[in-house]
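S.K.: Provide a 3D model corresponding to the input given below.
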Amino acid sequence: MAGKRRGIGALVISVVLVVGLVVAFFIVDSGLRALAEDRVKAEITANLPEGATGDVDVSIGGASVIAQYLAGSFDRVELDAPTFALDGVPAAVHVVASGVPVDRTKPVRDVTGTVDLGQESLNTLLAAGGETGDAELTLGTGEVSYSGTFPVFGFEIGYEATATPSTSADSLLFTPTGADLTSDAGSVDVSGVIPLILGQEPLSICIAQYLPDGVTLAGVDVTPERARIKLESSTLMLTRQSLTTLGSCSAG
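M.R.: Numbering: from 1, shown residues only. Modelled structure (predicted):
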């Protein structure tokens with residue numbers, strides 16, 4: 001009987017020790033996760049492009065941080081900056097990076113994200129481009145509207161147009177889909193003005209110049225509250241050079 005009790009006691013002690021080690025591992029792992037999140041946040045904050053401001057929250061997903069570190073990469077790192085701004089233009093930024101290497105000289109396997117721009121921010125960026133006159137965007141559901149003027153036989157004909165949003169790899173585009181004249185042209189024949197308006201090049205806002213080089217646009221969704229631009233990259237590295245080298249837009 002005594003031997004049996006000693007055996008049970010040893011088993012209980014072993015179970016308690018194993019449970020204790022598991023608990024200790026998770027406590028350590030949790031602490032290391034928080035430490036790693038703080039480190040990533042500090043690195044990103046220190047390497048933001050000039051003129052960029054705002055707090056960035058970092059969350060490291062996946063299983064054990066220790067196991068991920070030893071494997072050489074983190075499964076999922078999520079960045080959230082709801083009050084971000086670049087050169088004073090506010091935006092809400094959300095980024096998910098998958099396969100983030102411990103070796104920062106290697107690119108992140110996959111980066112996806114969104115940038116939310118309000119109507120005022122969009123118009124600030126549009127005006128900064130300097131090629132659209134006094135056009136001002138009004139956000140709608142799946143479309144935008146804007147007004148402007150068009151020269152016909154020496155007259156400036158006012159119009160209001162609707163446009164469909166889309167993206168190229170580097171720019172946010174608004175292609176005219178409909179238009180109404182808003183000024184009285186008197187006896188001038190303006191029947192051909194609407195096709196001319198609809199045939200104009202899309203309004204274009206260069207977004208790449210505000211993003212790290214290699215991050216491209218992958219679509220846009222528009223509501224009356226914001227334009228949500230989708231981003232993606234498979235070449236981004238978490239180094240100062242990569243984060244502060246901004247992209248550019250192709251001519252035309």
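
S.K.: Tell me the helix or strand right after the helix or strand of the chain with the lowest mean pLDDT.
M.R.: Least confident helix or strand of the chain, by mean pLDDT, DSSP states H and E, is helix 2-46 with a mean of 59. Sequence order places strand 52-53 as the next helix or strand after helix 2-46, per DSSP states H and E.

S.K.: Give the other helices and strands that that next one contacts.
M.R.: Judged by 3 or more Cβ pairs under 8 Å, 6 or more residues apart in numbering; DSSP states H and E, the packing partners of strand 52-53 are strand 73-86. (C-beta placed from N, C-alpha, C; glycine too.)

S.K.: Mind listing what's buried along the strand it packs on?
M.R.: For strand 73-86, burial by neighbour count (16 or more other Cβ atoms under 10 Å) applies to 73-75, 77-81, 84, 86.

S.K.: Direction included, what does the strand or helix carrying V220 pair against?
M.R.: Assessed by DSSP H and E, V220 sits inside strand 216-222. Here strand 216-222 has these sheet partners by DSSP bridges: strand 227-233 (antiparallel).

S.K.: mind checking how far the partner strand is from the chain centre?
M.R.: Strand 227-233 sits 5 Å away from the centroid of its parent chain (Cα atoms, centre = their mean, to the nearest Å).

S.K.: Give me the contact list for it.
M.R.: With contacts defined as Cβ atoms under 8 Å, 6 or more residues apart in numbering, strand 227-233 is touched by 95, 108, 110-117, 122, 139, 165, 167, 172, 207, 211-212, 214-222.

S.K.: just the buried members of these?
M.R.: With burial judged by 16+ other Cβ under 10 Å, the buried subset of these is 95, 108, 111, 113-117, 122, 139, 165, 167, 172, 207, 211-212, 214-217, 220, 222.

S.K.: can you list the weak-confidence ranges in the stretch 1-150 of the chain?
M.R.: 1-31, 130-134 (pLDDT under 70).

S.K.: if you set the cut-off to 80 instead, what comes out?
M.R.: Flagging of the stretch 1-150 of the chain using pLDDT under 80 yields the residue ranges 1-36, 40, 43, 47-51, 65-66, 129-135, 148-150.

S.K.: Quickly list what E78 is bridged to.
M.R.: According to DSSP bridges, the partner residues bridging E78 are S59, V96.

S.K.: Let me know whether it touches K41 as I believe.
M.R.: No. E78 sits out of contact with K41 when judged by Cβ atoms under 8 Å, with a separation of 11.5 Å.

S.K.: Strands of the stretch 101-250 of the chain, residue ranges please.
M.R.: For the stretch 101-250 of the chain, strands defined by DSSP state E, counting those that start in this stretch occupy the ranges 110-117, 138-139, 144-152, 155-167, 171-181, 203-206, 216-222, 227-233.
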